[in-house]
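> Have a look; sequence and predicted model below, questions after that.
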Amino acid sequence: MLRLIVSRLAGGVAVIVAVATLAFFLLHAAPGGPFDAERALPENVRKNVEAHYHLDEPILSQYARYMGDLAHGDFGQSIKRVSTVSEIIRVHFPYSLAIGVSALAIAITFGLLMGVIAAWRRNTWLDYLLMSIALVGISIPSIVLGPLLVAYFSLQLGWLPPARIEGLSSYILPALVLGMIYMGTIARLSRGAMLEVLSQDFVRTARAKGLRERVVLWKHAARLGVVPVVTYLGPATATLISGSFVVEKIFGVPGLGSFFIESITNRDYPLLCGTLVFYVMFLVVLNIAVDIVHGILDPRIRERR
Amino acid sequence: MRLAVALIVCASCSLPEGDYFGQIPDVHDRPRTLRFCNQGEPDYLDPALGNTTNATPILFAMFDGLTLYAPDGSAEPSLATSWDIAPDMRTFTFHLRKEGRFSNGRAIDAYDFAYAFLRLLDPTTASPISDKLEFVKNYDGYTGNTVRKLLHDAGPLRAGAVVELVATNDKTPDTNLRRSTHALELRDLGAPIADAYAHVPAGADVELVELTGGPVSYPSPAGVEWAYVFWDDGDGHYGWVPSADLDVAPNDDATYSIRAMPMRQWPGVQATPEVLAADDAAPHPTVQVKGRDLLRLPELIGMRIPDRYTFVIETPVPIPYVVASTPSQCCRVTPREVVSRWPRRWTDASHIVTSGPMHLKLWLEKDRVELVRSPTFWNQKIVKADEVIVFNMDDQAANTNYYAAGGCDAMASNNIPTSYLPVMNGEKHSYKDFASKPYNGIYFVYLNTEKLTNRHLRRALAYAIDRRPIPRIIHKGYGTSQVTPGTRISDLSDADRATCGVTRDQPGFAMIEAPGVCYVPPPGLDFDPAKAKEELALARQELGADFPKLTYRYNSGSEGHKLIAEYLQQSWQQVLGLDVGLESQEWKTFVKDTTDGQYQMARFGNIGSIADTESDFIVLFHCKAPSNRSRYCSPEFEKVYAEAKQIFDRKARNAKLAEAEKIMLEDAPVIPLYVYTQEHLTKPYVRDLPINFVDQVPLYRAWLDPDWNK
């Protein structure tokens, strides 16, 4: 197990270095710079400002400076803000994390519930209804679902705040919108797996023993039914937590996602590279965690490596 | 599926009905707290760095200046009680009040304004908005780091002469570079070593920024000269040290080529326009000197301090809009003692010292800024708000929804999604809390004169556009064929129309620049299909086989730009039979390409910062203007424009400028499309939150009337 972790960590570091390098050069290759604006800067002023951020140096020395700082854990200074990149991540990632985690909780709870019930009552109106909801969840993008929910729950009914994070209730709509796609996927995955499991011998045996249907369903069958869901959760968690910028924008959440997007349009090189590297680190750690969990669950994986 | 349908139905029925858009919260518990929905996140809260429309309403509440924005957007006296403008319009003397205080209690005087100017222009600040002081003497030389004071006689030049470095390049050694053989203790002026806040190691480079005893600097403490230096370590530190501590000047023996600056750039010079003109024409020979003979010092900037409470601004040429510019970032005071310690981080809530009506309490990026009344501000009677909370969400729909739910009391201009506008201000129904007002901006198409060299072709393209449907297409603005915005002549008051000398039925726009001063722009090439075809025929004749394949470019991300592009494409097709390709580009790429001249036709907008046509709009077509994207450079236009700049009388000057604009519009380097309007939502209980032409909202003047409906 230790060897597995060490080798995965080494691979992770290589991935981070590769992503940082690629991001750095791709960004600098993109046309336009941080100080190109509608009202063009006078030449002298542009020179002073670029010198301040070392943008006047050759690209390779900028790269060396960037990687050197990165090796010391310093993501650098945003070109368009007072804060350092590390500060931005420290203050704003928790918002993204909170929404991502609550979305995940919604997705898992309701997705599993829907999948198991649909499989249990397959080909009935209940099955069709639940799977329709799942389909809607998968197919409506958050940019449509978000405003719809705001229009109904905030503006029409006045139950939930339409924007900003202020108190627990303001997490509900963003988390719901973000979780919908994953809820739908989880529902369909678990329904498929459950159908297979429910037709197996041990389920028939359990029923033959005279166990109550609830126990058969949730204690015996569902445990196997969630296996494909667990596999799916690794990448899903990562995308949920890193990919919430559309939802953050719709709901005016001060999460990291909006900084990430803004840094692209601003050509704020350090902020963009920094957030990207941070996300990659997060993914790498998450992937390692998934591998470890797999190893624990399935001895064959552990031995093969 | 049914759920989705239900949701969609509900969404369309859920737009608030009634007189007002959304809820009207009860504000009895907070009559002195304004909650304001900004357009997005401010970039910096530092007047020398912050420049977005998201930053300025906050900045201008936190920092006092010579003048502040009055409710109508003009400059009203604040720290300057009054001012005198010299008859030649090149010297502006501001008389300061003695009651001005920073929030740390220190009195504000003329030296703080000299510091504000120095900070904006000094290369060590790297201010992206130093062009707010473009009008002062030696602006170019100071930001370009080429102007110097000559310390000793050299050839024909006397000590004290204002000179410029000739043929400088990045390798020119720096005259202001200094070192010390022992550690330097950076501190406040005259403070003992024990109070030092930064320690520069022996031998480290520092940049000399200022010396005491100069015409715009503090007197030397106890007769000992002190130097203000910048040490570039990370975020950097500024601080004072006795000059004698800077015992190493590495470039003293380096050789520099210099020549005298034209006399009109010498601060403090007394001369008639004739003498200045003669000096402009006289030769200024190049002289070789050593590094020890030269220094860059703040006294080279066009400002003077005759006494502690008088501040003088000097410009090289007559400038009519200096006073109008003073409420901008150029002339807001910031505390040197705090900036020196944390040059970039001094605006953190834990460090900040302010000078204006409000003080910073909290800044959570991408969420909100909380301001509270500053007890040290001298003019408490104009401050009606005890607290202003500015929400800085980027998304227009999020802002508007938040307003509808009663989250904020008022919204910044142009913060409403275009798709909401037909509902806000429709033909059947409009909300009482919605307002659409004139705005100092215009939308136009640049024609790159280096790619579309044929004047007839450009004129044909301009004549082919009917502007009347454009406001309907995008639900705001007013179509016009002039390139300088203003208020619709039909919307002006009778008095203003009299000032402008226009009649109510006259089409177009006019701008009231100051009391009694109006700019009436000339009409440009308006829709005329016959003339368009005529010009196209001439263009085809002249160009022959070289007739270009045409492309129009716009930036992606806005539905409006796309709709206008398609409308233009259709117009050129129908009127001229031309197939014009459309290209959309990501914003930064678009800006870069258009600045570099890599385009034929491109959309652009321009928003003026003060109500002055000359400073914000006509200048865009001046040969050397950095934003001259059409690369228009007409000797005829330049001649009339230069003539206008020498005229002191504002009416005569504006008449001359209109003449220049006419020449430019006839050459068609630009096709004006429509003049902007600003759309606002303000709850009915908000008082004293005016909407003005330059969109400068003094938030601190606002208060809420909880009993508004009684």
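Right, received. Where do you want to start? Worth saying up front: this structure is predicted, and the values here are computed from it rather than measured.
> if I've got this straight, B:Ser436 is in a helix?
No. Per DSSP: H, G, I helix; E, B strand; the rest coil, B:Ser436 lies outside any helix segment and is strand.
> ok, it - contacts?
If a contact means C-beta atoms under 8 Å, 6 or more residues apart in numbering or on different chains, then B:Ser436 has B:425, B:476, B:677-680 as its contacts. For glycine as for every other residue, the C-beta is placed from the backbone atoms N, C-alpha and C.
> Which of the residues you listed sits closest to A:Arg3?
Nearest to A:Arg3 among the contacts of B:Ser436: B:Glu679, at 63.6 Å, using C-beta to C-beta.
> Just after the one helix or strand that closest one maps to, pick out the following helix or strand.
Secondary structure assignment for B:Glu679, by DSSP states H and E: strand B:670-681. Next helix or strand after strand B:670-681 toward the C-terminus (DSSP H and E): strand B:686-687.
> Quickly run through the sheet partners of that following strand, with directions.
With DSSP bridges as the test, strand B:686-687 is paired with strand B:703-704 (antiparallel).
> Point to the residue nearest the middle of chain B.
For chain B, the residue nearest the mean C-alpha position is B:Ser609 (5.1 Å; C-alpha atoms, centre = their mean).
> residues touching that residue, list them.
Neighbour list for B:Ser609: B:325, B:328, B:440, B:615-616, B:694 [criterion: C-beta under 8 Å, 6+ apart].
> how about a cut-off of 10 Å?
A:39, B:51, B:53, B:56, B:132, B:324-325, B:327-329, B:440, B:615-616, B:694-696 (C-beta atoms under 10 Å, 6 or more residues apart in numbering or on different chains).
> Which single one of the residues you listed is nearest to A:Gly255?
Set against A:Gly255, the nearest of those by C-beta to C-beta is B:Thr53 (23.5 Å).
> thought the closest one was touching B:Ile607?
Yes. If you go by C-beta atoms under 10 Å, B:Thr53 and B:Ile607 touch, sitting 8.1 Å apart.
> pLDDT score assigned to the closest residue to chain B within the stretch 1-150 of chain A?
Going by C-beta to the nearest C-beta, chain B is nearest to A:Gly32 of the stretch 1-150 of chain A, at 3.1 Å. Listed pLDDT for A:Gly32 reads 83.
> Check which helix or strand it maps to.
Using DSSP H and E, A:Gly32 is not contained in any helix or strand.
> coming back round to it: of the contacts of B:Ser609, which is the nearest to A:Thr231?
The shortest approach to A:Thr231 among the contacts of B:Ser609 belongs to B:Thr53, at 48.7 Å (C-beta to C-beta).
> Could you count how many residues lie near that closest one?
The number of residues packed near B:Thr53 is 17, by other C-beta atoms under 10 Å in any protein chain shown.
> mind checking how far it is from chain A?
12 Å (C-beta to the nearest C-beta, to the nearest Å).
> three-state assignment of that residue?
Secondary structure, three-state DSSP: B:Thr53 is coil.
> For it, give me its contacts.
B:38-40, B:42, B:412-414, B:607, B:609, B:695-696.
> hmm, 6 Å instead?
Listed by C-beta atoms under 6 Å, 6 or more residues apart in numbering or on different chains, the contact set of B:Thr53 is empty.
> Repeat that for B:Tyr641.
Going by C-beta under 6 Å, 6+ apart, the list of residues near B:Tyr641 reads B:Ala660.
> if we go to 8 Å?
Listed by C-beta under 8 Å, 6+ apart, the contact set of B:Tyr641 reads B:618, B:622, B:657, B:660.
> where does chain B have low pLDDT?
Within chain B, the segments meeting pLDDT under 70 span B:1-17, B:168-171.
> Show me the contact partners of the lengthiest helix in it.
As assigned by DSSP state H, the longest helix anywhere in chain B is helix B:650-667. For helix B:650-667, contacts defined as C-beta under 8 Å, 6+ apart pick out B:320, B:449, B:455, B:458-459, B:481-484, B:513-514, B:517-522, B:524-525, B:613-614, B:618, B:621, B:632, B:634, B:636-637, B:640-641, B:643-645, B:647, B:670, B:672.
> let's see 6 Å
B:320, B:517, B:519, B:521-522, B:524, B:614, B:618, B:621, B:634, B:636-637, B:640-641, B:643-644, B:647.
> Hmm, B:Lys588 and the residue of the stretch 1-150 of chain A closest to chain B touching each other?
Yes. A:Gly32 is in contact with B:Lys588 according to C-beta atoms under 6 Å; the separation is 3.1 Å.
> which residues do those two both contact?
Listed as contacting both A:Gly32 and B:Lys588 by C-beta under 6 Å, 6+ apart are A:Arg267.
> Go through stretch B:263-276 and flag the buried ones.
Judged by neighbour count (16 or more other C-beta atoms under 10 Å in any protein chain shown), stretch B:263-276 contains these buried residues: B:263-268, B:276.
> Against chain A, which of the residues you listed make the cut? List them.
Among the buried residues of stretch B:263-276, not one lies near chain A by C-beta under 6 Å from any C-beta of the partner chain.
> Can I get stretch B:602-622 in PDB? Just the C-alpha atoms.
As requested, the backbone C-alpha atoms of stretch B:602-622 are provided in PDB (Å, rounded to 0.1, in the frame of the first residue of the first chain):
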ATOM      1  CA  ALA B 602     -14.500  46.700 -35.700                       C
ATOM      2  CA  ARG B 603     -17.100  47.700 -33.100                       C
ATOM      3  CA  PHE B 604     -16.000  49.800 -30.200                       C
ATOM      4  CA  GLY B 605     -17.500  51.900 -27.500                       C
ATOM      5  CA  ASN B 606     -16.100  54.900 -25.700                       C
ATOM      6  CA  ILE B 607     -17.200  56.300 -22.300                       C
ATOM      7  CA  GLY B 608     -16.000  59.700 -21.300                       C
ATOM      8  CA  SER B 609     -14.900  60.400 -17.700                       C
ATOM      9  CA  ILE B 610     -15.800  64.100 -17.700                       C
ATOM     10  CA  ALA B 611     -18.400  66.000 -19.600                       C
ATOM     11  CA  ASP B 612     -15.900  67.300 -22.100                       C
ATOM     12  CA  THR B 613     -15.900  66.300 -25.700                       C
ATOM     13  CA  GLU B 614     -12.400  67.400 -26.400                       C
ATOM     14  CA  SER B 615     -10.700  65.300 -23.700                       C
ATOM     15  CA  ASP B 616     -12.600  62.100 -24.200                       C
ATOM     16  CA  PHE B 617     -13.800  61.800 -27.800                       C
ATOM     17  CA  ILE B 618     -12.200  64.000 -30.400                       C
ATOM     18  CA  VAL B 619      -8.800  63.100 -29.100                       C
ATOM     19  CA  LEU B 620      -9.400  59.500 -30.200                       C
ATOM     20  CA  PHE B 621      -8.700  60.600 -33.800                       C
ATOM     21  CA  HIS B 622      -5.500  62.500 -33.100                       C
END
